[in-house]
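Peer 1: what follows is a predicted protein model with its sequence.
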Amino acid sequence: MSIMPKTLIHVADSLAHHRADRAQRHQLEHELASYSTPAQRSDLEALLDQYPDADTEPVREILSRQGYRLAG
């Protein structure tokens, strides 16, 4: 097998992984959007506070962005 097909396979695998990651993030964004009232957001943040920041950073990032959109 030449280098070119190996490179193309690697690129195709990388793109597939990237698409899967984006789909999972989109699903998480959609699910988090259902927490729309201040009380729901407060409860969710209290739950997140029970875990290390490194573990909850992606969720907090999404919530922050969604909060900005809701307020804007």
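Peer 2: Nice, thanks for sending it over.
Peer 1: check which residues of the helix or strand bottoming out on mean pLDDT in the chain are buried.
Peer 2: Sorting the helices and strands of the chain by mean pLDDT, DSSP states H and E puts helix 53-71 at the bottom, at a mean of 85. By neighbour count with 16 or more other CB atoms under 10 Å, helix 53-71 contains the buried residues Thr56, Val59, Ile62, Leu63, Gln66. Every C-beta, even on glycine, is put in place using the N, C-alpha and C of the backbone.
Peer 1: helix or strand: which one has the residue nearest the centre of the chain?
Peer 2: For the chain, Arg25 is the residue whose C-alpha lies nearest the centre (CA atoms, centre = their mean; 3.3 Å). For Arg25, the enclosing helix or strand under DSSP states H and E is helix 3-33.
Peer 1: so what's the gap between the helix or strand that comes right after that helix and the chain middle?
Peer 2: Later in the chain than helix 3-33, the nearest helix or strand by DSSP H and E is helix 38-48. Counting by CA atoms, centre = their mean, to the nearest Å, helix 38-48 is centred 18 Å from the centre of its parent chain.
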